[in-house]
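S.K.: Need coordinates for the below:
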Amino acid sequence: MSSLTPERFRQHLAAESARFHRVLADTDPALPVPTCPDWTAADLVWHLGGVHNFWHWVVTHRPTAPDDYTAPDRPGTYAEVRAFALDATERLHRALEEADPDDPAWSWSDEPTHHTVGWVHRRQAHEALIHRVDAELTADCPTPLDAELAADGVDEVLDVMYGGQPSWATWVPLPRHLRVDPSDAASSVHVQLGLFSGEDPEDGKVYRNEPDAHVVAPGDQAQEPDAVIAGPAADLDLWLWHRGGDQALLATGDAGVLEDFRRCVAGPID
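M.R.: From the prediction side, this is the model:
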């Protein structure tokens, strides 16, 4: 659970989105995005604009599910794509500012506590952060990550993006624990390894005893973890999102636990 307020997330969303748009304003739209295979800079702008447009709809129509949402057609020119994306960003920020964070809102997550406007604040702040990184890598002009947002991002990516459990799946916890320590933040993230099984009703894919990791409260795990991965929050966040390497990270403890955890976070995030 985050210690940041919805207001802080809105501030981060505004700052990260503004940087994203500034970077790509003068970037060749045909440049490839190194962290998003098959995407160009123009595709990246269209993607974030579409994300912001969708979540604006979700917030303004809360708590209605987006069954009637219609995705806009992509404009023909890069200037029009950029104009759409800028407008979508502004509309999302305004909608979040006007809504009560405690209001119920639709979410793709099966976790009931994620169905609030406050959850949208957090998710979209991190969405903007990661795509700002993508934009800077495309334009070859990287800047540092905010340590506060990156530290929260370590928890968010592990708990929400990797650790979420769909209703059709089962998870069997194992007595294997790992702690992720942002060296420039006051809190750590405690993870328990387990086995994930189930059949995805959308594509019929079957999972049988796949390694999986869930974030747990410190009191729900062994007093001392079997392994620890430590490093600056920004490096941890980027590594978990596959936007950076692990050169600045220090992994200690049980080699098997470390290997299984790396397998849990090796796949792409949908």
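
S.K.: From here on, just use CA atoms for contacts and neighbour counts.
M.R.: Will do.

S.K.: Buried residues of the helix or strand hosting residue 179, list them for me.
M.R.: Assigned by DSSP states H and E, residue 179 belongs to strand 169-182. Buried residues in strand 169-182, counted by 16 or more other C-alpha atoms under 10 Å: 170, 171, 173, 176, 177, 178, 179, 180, 181, 182.

S.K.: got a list of what the second one touches?
M.R.: For residue 171, the contact set (C-alpha atoms under 8 Å, 6 or more residues apart in numbering) comprises 165, 194, 195, 196, 197, 212.

S.K.: hang on, the earlier thing: what pairs with the strand holding residue 179, parallel or antiparallel?
M.R.: The sheet places strand 169-182 alongside strand 189-199 (antiparallel), strand 227-231 (parallel), with pairing taken from DSSP bridges.

S.K.: want to throw those into JSON lines with mean pLDDT, distance to residue 159 and mean neighbour count?
M.R.: Shown next, in JSON lines, are these (pLDDT from 0 to 100; distance: least, C-alpha to C-alpha, whole Å; neighbours: other C-alpha atoms under 10 Å):
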{"stretch": "strand 189-199", "mean pLDDT": "95", "distance to residue 159": "9", "mean neighbour count": "20"}
{"stretch": "strand 227-231", "mean pLDDT": "98", "distance to residue 159": "16", "mean neighbour count": "19"}
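
S.K.: Contacts made by the helix or strand containing residue 83 with the rest, please.
M.R.: Residue 83 is located in helix 78-98, with elements delineated by DSSP H and E. Helix 78-98 has contacts (C-alpha under 8 Å, 6+ apart) with 10, 13-14, 17, 21, 25, 29, 42, 45-46, 48-50, 52-53, 55-56, 59-60, 74-75, 117, 121.

S.K.: again with stretch 31-42
M.R.: Stretch 31-42 is contacted by residues 24, 27-30, 44, 78, 81, 134-135, 137-138, 242-243 when judged by C-alpha under 8 Å, 6+ apart.

S.K.: Next, give me the two most distant ones among the residues you listed.
M.R.: 78 and 242 (27.2 Å; C-alpha to C-alpha).

S.K.: Walk me through the domains of the chain.
M.R.: 6-143, 148-264 (automatic domain parsing).

S.K.: if we can go back for a sec, with just CA atoms, put the strand holding residue 179 into CSV.
M.R.: Output of strand 169-182 as CSV, limited to C-alpha atoms (Å, rounded to 0.1, in the frame of the first residue of the first chain):
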residue,chain,number,x,y,z
ALA,A,169,-6.5,-18.6,-10.8
THR,A,170,-5.2,-20.2,-7.6
TRP,A,171,-2.0,-19.4,-5.8
VAL,A,172,-0.3,-21.8,-3.3
PRO,A,173,2.2,-19.9,-1.1
LEU,A,174,5.6,-21.5,-0.3
PRO,A,175,7.8,-20.9,2.7
ARG,A,176,10.2,-18.9,0.6
HIS,A,177,10.6,-15.2,1.2
LEU,A,178,12.5,-12.3,-0.4
ARG,A,179,12.8,-8.6,0.6
VAL,A,180,13.4,-5.8,-1.9
ASP,A,181,15.2,-2.9,-0.3
PRO,A,182,15.3,0.6,-1.9
